[in-house]
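Enquirer: pasting the sequence and the predicted model now:
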Amino acid sequence: MAQESITIARPYADAIFARAKESSSLEQWSQTLELLGTVMSDAAMSDVVGNPNISKQQLTEMILGIGGEQLTGEAENLVRLLVENGRLVIAPGVLEVELVSAYVIDEDQKQALADALKAKLGSDINMTTSEDPELIGGMRIRAGDLVIDGSVQGQLTKLANELGI
């Protein structure tokens, strides 16, 4: 999974480096990326990025407000692009994980799952949880393109597909 994050980040990094080189602004871009990394590594900001109640526009405005005059027009465009494409989390190496369970998960269970996912995915994670009784039992985990469906609903759907019904 860490390899996937690198693969996702590479085109952005290549484009930023090419633009910085072209405009002779390597130091300025380095400072911009350091600022974004610092902002995104803040635990409170990770909670905001993972909050489904915060719109992309609100998130963009918040980050641009934090960056203030330190962000050039091109850097502001980069922030807008990363937020719009859901790639803001690639800046600090934190992976967004969504866990949906049939029942409420207590903090101990949540922490154990977070630790196991961090070990499996090889990346720090920001996990959001929600409940969906339609899962019947179990849980569904989404981390980037990876989906782990351990729900009863998912197993019944898989069985129905196998049986052709």
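Expert: Thanks, I have it. Numbering: from 1, shown residues only.
Enquirer: next SSE after the helix or strand bottoming out on mean pLDDT in the chain?
Expert: Within the chain, no helix or strand scores below helix 2-22, which has a mean of 72 by mean pLDDT, DSSP states H and E. Next helix or strand after helix 2-22 toward the C-terminus (DSSP states H and E): helix 26-41.
Enquirer: on contacts alone, who are the packing partners of that following helix?
Expert: helix 2-22, helix 43-49, helix 56-67, helix 73-84 (3 or more Cβ pairs under 8 Å, 6 or more residues apart in numbering; DSSP states H and E). Using the backbone N, CA and C atoms, a C-beta is placed for each residue, glycine as well.
Enquirer: 7 Å - rerun?
Expert: Helices and strands touching helix 26-41, by 3 or more Cβ pairs under 7 Å, 6 or more residues apart in numbering; DSSP states H and E, are helix 2-22, helix 56-67.
Enquirer: now residue 103: which helix or strand?
Expert: Counting by DSSP H and E, residue 103 is found in no helix or strand.
Enquirer: what number of residues lie near it?
Expert: Counted with other Cβ atoms under 10 Å, the neighbours of residue 103 add up to 13.
Enquirer: got a list of what the closest residue in space to it that isn't next to it in sequence touches?
Expert: Distances taken as Cβ to Cβ, 6 or more residues apart in numbering put residue 131 closest to residue 103, at 6.5 Å, once the chain neighbours are dropped. By Cβ atoms under 7 Å, 6 or more residues apart in numbering, the contact list for residue 131 reads 101, 103-104.
Enquirer: what of residue 143?
Expert: Contacts of residue 143 by Cβ under 7 Å, 6+ apart are 1, 95, 97, 117, 121.
Enquirer: I'd like the next helix or strand past the helix or strand containing the third one.
Expert: For residue 97, the enclosing helix or strand under DSSP H and E is strand 94-101. Proceeding C-terminally, strand 94-101 gives way to helix 107-121 as the next helix or strand, assigned by DSSP H and E.
Enquirer: quick check: residue 95 touching residue 125?
Expert: Yes. With contact defined as Cβ atoms under 7 Å, residue 95 and residue 125 form a contacting pair (4.9 Å).
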